[in-house]
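In: What follows is a protein structure lacking sequence information:
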(Lines give C-alpha, C1' and ligand atoms only; values in the text may rest on other atoms or scores of the structure.)
Protein backbone atom coordinates (compact mmCIF):
# COMPACT_ATOMS: atom_id res chain seq x y z
CA UNK A 1 0.00 0.00 0.00
CA UNK A 2 1.45 3.36 -0.97
CA UNK A 3 1.77 6.34 1.37
CA UNK A 4 -1.21 8.22 -0.02
CA UNK A 5 -3.57 5.28 0.45
CA UNK A 6 -2.19 4.61 3.92
CA UNK A 7 -2.76 8.23 4.99
CA UNK A 8 -6.34 8.09 3.72
CA UNK A 9 -6.96 4.86 5.63
CA UNK A 10 -5.50 6.35 8.82
CA UNK A 11 -7.61 9.52 8.53
CA UNK A 12 -10.73 7.47 7.87
CA UNK A 13 -9.97 5.23 10.86
CA UNK A 14 -9.52 8.33 13.04
CA UNK A 15 -12.88 9.79 11.99
CA UNK A 16 -14.68 6.46 12.44
CA UNK A 17 -13.04 5.84 15.82
CA UNK A 18 -13.81 9.29 17.20
CA UNK A 19 -17.39 9.16 15.93
CA UNK A 20 -17.92 5.69 17.38
CA UNK A 21 -16.48 6.67 20.75
CA UNK A 22 -18.63 9.79 20.90
CA UNK A 23 -21.76 7.80 20.02
CA UNK A 24 -21.03 5.09 22.63
CA UNK A 25 -20.50 7.67 25.40
CA UNK A 26 -23.63 9.63 24.51
CA UNK A 27 -25.77 6.48 24.31
CA UNK A 28 -24.49 5.24 27.69
CA UNK A 29 -25.16 8.64 29.25
CA UNK A 30 -28.75 8.80 28.00
CA UNK A 31 -29.56 5.13 28.66
CA UNK A 32 -27.97 4.76 32.12
CA UNK A 33 -27.61 8.30 33.38
CA UNK A 34 -24.72 10.19 34.87
CA UNK A 35 -25.19 8.83 38.41
CA UNK A 36 -24.67 5.24 37.26
CA UNK A 37 -21.67 6.10 35.08
CA UNK A 38 -19.92 7.84 38.00
CA UNK A 39 -20.23 4.78 40.21
CA UNK A 40 -23.56 5.47 41.86
CA UNK A 41 -26.38 2.99 42.35
CA UNK A 42 -29.07 4.99 40.55
CA UNK A 43 -30.50 6.49 43.73
CA UNK A 44 -27.49 8.32 45.12
CA UNK A 45 -24.88 10.05 43.02
CA UNK A 46 -21.51 8.63 42.21
CA UNK A 47 -18.24 9.51 43.89
CA UNK A 48 -17.93 12.91 42.27
CA UNK A 49 -21.50 13.86 43.17
CA UNK A 50 -21.07 12.72 46.77
CA UNK A 51 -17.88 14.71 47.26
CA UNK A 52 -19.42 17.87 45.81
CA UNK A 53 -22.46 17.56 48.05
CA UNK A 54 -20.29 16.91 51.11
CA UNK A 55 -18.23 20.04 50.40
CA UNK A 56 -21.38 22.10 50.01
CA UNK A 57 -22.86 21.09 53.35
CA UNK A 58 -19.70 20.97 55.49
CA UNK A 59 -19.78 23.60 58.19
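Out: Looks like it arrived, so ask away. Not measured: the values here are computed from a predicted model. Numbering: from 1, shown residues only.
In: avg pLDDT for the biggest helix by length in the chain?
Out: Assignment by DSSP state H gives helix 3-32 as the longest helix of the chain. The predicted model gives helix 3-32 an average pLDDT of 92.
In: Buried residues, that helix. List them.
Out: For helix 3-32, the buried set under the neighbour-count rule, 16 or more other Cβ atoms under 10 Å, is empty. Backbone N, C-alpha and C define where each C-beta goes, glycine included.
In: helices and strands around it, which ones?
Out: Contacts defined by 3 or more Cβ pairs under 8 Å, 6 or more residues apart in numbering; DSSP states H and E place helix 3-32 against no helix or strand at all.
In: What count of nearby residues applies to the closest residue to residue 9 other than its chain neighbours?
Out: Spatial nearest neighbour of residue 9, chain neighbours left out: residue 1 (7.6 Å); criterion: Cβ to Cβ, 6 or more residues apart in numbering. The local packing count at residue 1 equals 7, with neighbours defined by other Cβ atoms under 10 Å.
In: Residue 1 and residue 8, how far apart?
Out: Residue 1 sits 10 Å away from residue 8, going by Cβ to Cβ, to the nearest Å.
In: Next: residue 30.
Out: If you measure residue 30 against residue 8 using Cβ to Cβ, the figure is 33 Å.
In: ditto for residue 22
Out: In this structure, residue 22 lies at 21 Å from residue 8, with Cβ to Cβ as the measure.
In: Please determine how far residue 28 is located from residue 4.
Out: Summarising the geometry, the distance separating residue 28 from residue 4, computed by Cβ to Cβ, is 37 Å.
In: I am finished for the moment; much appreciated.
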